[in-house]
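Asks: Generate a structure from the sequence data that follows.
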Amino acid sequence: MGEAVRYDGLSCLQYWDEDSLALIHCWQSRGLLLALCPEVAGGLPVPRPSAEIVGDTVKTRDGVDVTAAFKAGANKALDLCQQYRIQYAILKQGSPSCGNALIHDGSFCNIKVEGEGMTAKLLRDNGIQVFNELELKALATLLPVE
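Replies: Down below sits the predicted model:
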């Protein structure tokens, strides 16, 4: 968890608050987390050019179509969830893969709009509840207490 797989080669955990980090560490110590970056699983490198959903495709700022890699990563995430009977996913808000409520608008101007990334949508369409890093307390109410 918290591996440096963001498009810019950094980890997302540096942006999380202490309460969220405590929950992540608790779940990790209980063996409840399985880490996967759909973009890396789909074949994209780290670092990689940032990408945004533009219509029905995912493109880099330079116009390179990376949709196939995003779809492949989403399918690998779903396969993993089905293999291990995973019911909940924690995904990074705003990402063209993982955003579950907000994504960038495709203009590369750091404008976020309502929408879902490819992985978030595929998981949700297959019955997996998707949470982002700001919704961990809501997820905590659903996980069994030991």
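Asks: Find the nearest non-adjacent residue to residue 121, please.
Replies: residue 74 (7.8 Å; CB to CB, 6 or more residues apart in numbering). The way it works is simple: take the backbone N, C-alpha and C, and place the C-beta from them, glycine included.
Asks: Which parts of the protein are strands?
Replies: For the chain, the strands defined by DSSP state E cover 51-54, 57-60, 88-91, 102-104, 112-114, 129-132.
Asks: Deepest-packed of these, please.
Replies: Comparing those by mean neighbour count (mean count of other CB atoms under 10 Å), strand 51-54 ranks first with a mean of 22.
Asks: who does that one touch, helix- and strand-wise?
Replies: On a contact count with 3 or more CB pairs under 8 Å, 6 or more residues apart in numbering; DSSP states H and E, strand 51-54 meets strand 57-60, strand 102-104.
Asks: can you tell me which of the ones you listed comes nearest to residue 24?
Replies: Nearest to residue 24 among the helices and strands packed on strand 51-54 is strand 102-104 (20.5 Å), distances taken as CB to CB.
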